[in-house]
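[1] Next comes the sequence, and after it the predicted model I'd like to discuss.
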Amino acid sequence: MRRAALEPFENCKNVLKQLDQALSVQYQKTNNNIFNNSNPHFKVGAKNNFTIATPKQEDEAVDLLKPYFPDRHFVPLPEILSTVMKTTSAD
């Protein structure tokens, strides 16, 4: 945990409590935006069905991250296991 700078996540109960609070706040904001008709992406259809239509994201973020990911769309299992072993073994 220390090597990965993940000490703040050691206490699972605290982390889950913080995530629960953040999620609750976000749900409240989202629901308020829907009830106030201030969410342009939320549409109510026939029989009170709803749809969410979000705008397409620009490919800028993908282009920025592309150098960090391999061109291939799979990673062989031996490579994964080797990386995990190297990362988790004691120095």
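    On my side now, so go ahead.
[2] next structured bit after the longest helix anywhere in the chain?
    In the chain, assigned by DSSP state H, the helix with the most residues is helix 12-35. Using DSSP states H and E, the helix or strand that follows helix 12-35 towards the C-terminus is strand 42-44.
[3] residues in contact with that following strand?
    Under the criterion CB atoms under 8 Å, 6 or more residues apart in numbering, residues 33, 34, 50, 51, 52, 53 lie in contact with strand 42-44. Heads up, the C-betas are built off the backbone N, CA and C, glycines and all.
[4] quick one: contacts of the longest helix of the chain?
    8, 9, 39, 42.
[5] about what we covered before: just the contacts of strand 42-44 now: which is nearest residue 76?
    Residue 76 lies nearest to residue 52 out of those, by CB to CB, at 37.1 Å.
[6] Skipping adjacent residues, who's closest to that closest one in space?
    In space, and not counting its chain neighbours, residue 52 is closest to residue 41: 5.5 Å by CB to CB, 6 or more residues apart in numbering.
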